[in-house]
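Asks: got a predicted structure plus its sequence, pasted below:
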Amino acid sequence: MEFTKRNVCVIGTGISGIGAAELLSKRGASVILYDGDDKLSKEQIEEKLTDLNNIKIVLGELPNKIINTLDLTVVSPGVPIDQPVVEQIKKAGVKIWGEVELAYSVTKGSVIAITGTNGKTTTTALTGEIMKNYFDSVFVVGNIGIPYTSVVDEMNDTSVTVAEISSFQLETIENFRPVASAILNITPDHLNRHKSMDQYIAVKESITSNQLIHDTCVLNYEDEILREFGKTLNTNVIYFSSINKLKKGIYIDEENIVYNSGKNIEIICKTTELKLLGRHNHENVMAAIALSISMKVPLKVIRDTVMSFKAVEHRIEFVMEKSGVAYYNDSKGTNPDAAIKGIQAMNRPTILIGGGYDKKSEYDEWINSFDGKVKYLVLIGETKQQIAKTARECGYHNIIFAETLQEAVKISALKASTGDAVLLSPACASWGMFKNYEERGRMFKEYVHKL
């Protein structure tokens, strides 16, 4: 799409919205940067912008006289597409895109896109590292924290973009086509936004909707939904499995991560040689390997990179050891399934800090995954009573309530003995107490260092 002299509304003033507004401004569009929160300060929003040229800020109500002039609306991922103002814009016949679709419309080179309920950030970061060790021009963008729109002007025809894509971002794609995609797993999450599990699954699977026959989709063979979905695709499908030996694909055989091309079998490395803990991380590694093979990266480059790669921030991140107690930051465990993986990665008695914003999740599977490892469950946030009720129903009673994360850290330190671990893995979103999971993780680390 040509943006010169087009009227475009960008909804949301976070990093995605700012990135989209600035890209459109550079392309000659007249931009309305809109936020429904009339308590925000225009001055503070202006400070986020590097250039106010062609950008007008509107807060509170979006007048019909503006809506009726629009050629396009770009919605930030955090803005539900069934929000009244978005519905009003749709009724006016205005095209709705997200930041990912906007960036893709002007991108150059090839795109690798990674989605799934859990493991996206680790897989995206690792795939990005592998690409950087082989290709000259590589960008790692998306839900990992770098707006896709902020780097498209630096790309060329040989660039490789590795994008972490959330279900929120997939709701608003139109032509977005990765040459290689991955769906790591699908478990219940964000059902307060997607309304049903079927709708959530459909949104995740839409990452493949524009892929062509010579493109690749990487899928988790152990996820029944994805195993069946792979049978419906016309693209090149590569499965990975942490349990089964595959006739073709990537799998774990005892301690070996194995690539079976259907003709040859290659051992990539041993799981014991990796710096990433837990079976879920081994799955993330296999997904990154599969994506890299699809991009024709030599196996030696892949092998060397996966063996040297360390855990990303906020995902079972080792913080420090104090008085013989190891502290781990798993703030990115924002749903029960992710938090289960955090517990499974622990190899010592654990004091677990959980709770936060209510995303309408069920917590029984998480509680039942404790498997005798969790000495105490320290709960914070609006879900603490609900989680405690579920825990008691599951027969778990070592529960302590805290009002703040700082108090939870202090309680955990007092309850921990030499040889124990303290793990922040909340099974809930951070909203209501923190801006995002990153802030929650950083504050946890700060409180641990202050002990």
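Replies: Good, I have the coordinates.

Asks: after the lengthiest helix in the chain, which helix or strand is next?
Replies: Across the chain, the helix with the greatest residue count (assigned by DSSP state H) is helix 279-294. Moving toward the C-terminus from helix 279-294, the next helix or strand (DSSP states H and E) is helix 299-308.

Asks: residues contacting that following helix, please?
Replies: Counting by Cβ atoms under 8 Å, 6 or more residues apart in numbering, the neighbours of helix 299-308 from elsewhere in the structure are 126, 129-130, 133-134, 259, 266, 268-269, 273-275, 285, 288-289, 292-293. (C-beta placed from N, C-alpha, C; glycine too.)

Asks: drop anything exposed from those.
Replies: Judged by neighbour count, with 16 or more other Cβ atoms under 10 Å as the criterion, the buried members of the contacts of helix 299-308 are 126, 129-130, 133-134, 259, 268-269, 274, 285, 288-289, 292-293.

Asks: least confident of these?
Replies: The member of the buried ones among the contacts of helix 299-308 with the lowest model confidence is residue 274, at 90 (criterion: pLDDT).

Asks: from residue 182, how far off is that residue?
Replies: According to Cβ to Cβ, to the nearest Å, residue 274 stands 18 Å off from residue 182.

Asks: again with residue 228
Replies: 17 Å.

Asks: who has more neighbours, those two?
Replies: Between residue 228 and residue 182, counted using other Cβ atoms under 10 Å, residue 182 has the larger neighbour count: 32 against 10.

Asks: make sure that one is indeed in a helix.
Replies: No - assessed with DSSP: H, G, I helix; E, B strand; the rest coil, residue 182 is strand; it does not lie in a helix.

Asks: so who does it touch?
Replies: If a contact means Cβ under 8 Å, 6+ apart, then residue 182 has 112, 113, 114, 115, 116, 123, 217, 218, 219, 287, 290, 291 as its contacts.

Asks: could you do residue 373 as well?
Replies: By Cβ under 8 Å, 6+ apart, the contact list for residue 373 reads 343, 346, 348, 349, 350.

Asks: in helices, which of these fall?
Replies: Filtering these for membership in helices, criterion DSSP H, returns residue 343.

Asks: helix/strand/coil for residue 257?
Replies: Counting by three-state DSSP, the backbone at residue 257 sits in strand.

Asks: for residue 288, see how far away it is.
Replies: For residue 257, the distance to residue 288 under the criterion Cβ to Cβ works out to 11 Å.

Asks: quick one: pLDDT of residue 82?
Replies: Per-residue confidence (pLDDT) for residue 82: 85.

Asks: I meant to write residue 61 there.
Replies: The score at residue 61 is 91. That number is its pLDDT.

Asks: so where's the chain uncertain?
Replies: Counting by pLDDT under 70, the ranges of the chain that qualify are 188-195.

Asks: care to break it down by domain?
Replies: Each domain of the chain is listed here as a residue range: 7-98, 107-308, 317-450, per automatic domain parsing.

Asks: all strands of the stretch 51-200 of the chain, in order?
Replies: For the stretch 51-200 of the chain, the strands identified by DSSP state E, counting those that start in this stretch occupy 55-59, 72-75, 95-98, 110-115, 138-142, 160-164, 180-183, in order along the chain.

Asks: is it true that residue 203 touches residue 169?
Replies: No - using Cβ atoms under 8 Å, residue 203 is not in contact with residue 169; the gap is 9.5 Å.

Asks: of these two, who's got more company?
Replies: Neighbours of residue 203 and residue 169, each counted by other Cβ under 10 Å, are more numerous for residue 169; the result is 26 against 21.

Asks: which residues of the stretch 1-150 of the chain fall in helices?
Replies: With helices called from DSSP state H, counting those that start in this stretch, the stretch 1-150 of the chain shows them at 15-26, 42-48, 64-67, 84-91, 99-105, 120-132.

Asks: from the chain's centroid, how far away is the last one?
Replies: Right, the one you point to is helix 120-132. On the basis of Cα atoms, centre = their mean, to the nearest Å, the separation between the geometric centre of helix 120-132 and that of its chain is 12 Å.

Asks: next, the buried residues of it.
Replies: By neighbour count, and taking 16+ other Cβ under 10 Å as the criterion, the buried residues in helix 120-132 are 120-132.

Asks: before we move on, back to that, let's have the contacts of residue 373 in a markdown table, adding distance to residue 333 and neighbour count.
Replies: Listed next are the contacts of residue 373 as a markdown table, based on distance: Cβ to Cβ, whole Å; neighbours: other Cβ atoms under 10 Å:
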| residue | distance to residue 333 | neighbour count |
| --- | --- | --- |
| 343 | 9 | 23 |
| 346 | 12 | 23 |
| 348 | 18 | 11 |
| 349 | 19 | 15 |
| 350 | 13 | 25 |
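
Asks: next step: the contacts of residue 373 restricted to strands.
Replies: With DSSP state E as the criterion, strands contain residue 350 from among the contacts of residue 373.

Asks: nearest to residue 393, of the contacts of residue 373?
Replies: Within the set of those, residue 343 lies nearest residue 393; the separation is 18.4 Å, counting by Cβ to Cβ.

Asks: which ones are touching the nearest residue in space to the closest one that is not next to it in sequence?
Replies: Here the nearest residue to residue 343 in space, its sequence neighbours aside, is residue 369; by Cβ to Cβ, 6 or more residues apart in numbering that works out to 5.4 Å. Under the criterion of Cβ under 8 Å, 6+ apart, the contact list for residue 369 reads 340, 343, 344.

Asks: likewise residue 20?
Replies: Residues in contact with residue 20, defined by Cβ under 8 Å, 6+ apart, are 10, 74, 76, 99, 102, 147, 149.

Asks: residue contacts, the fourth one?
Replies: Counting by Cβ under 8 Å, 6+ apart, residue 99 makes contact with 16, 17, 19, 20, 74, 76, 77, 147, 148, 149, 169.
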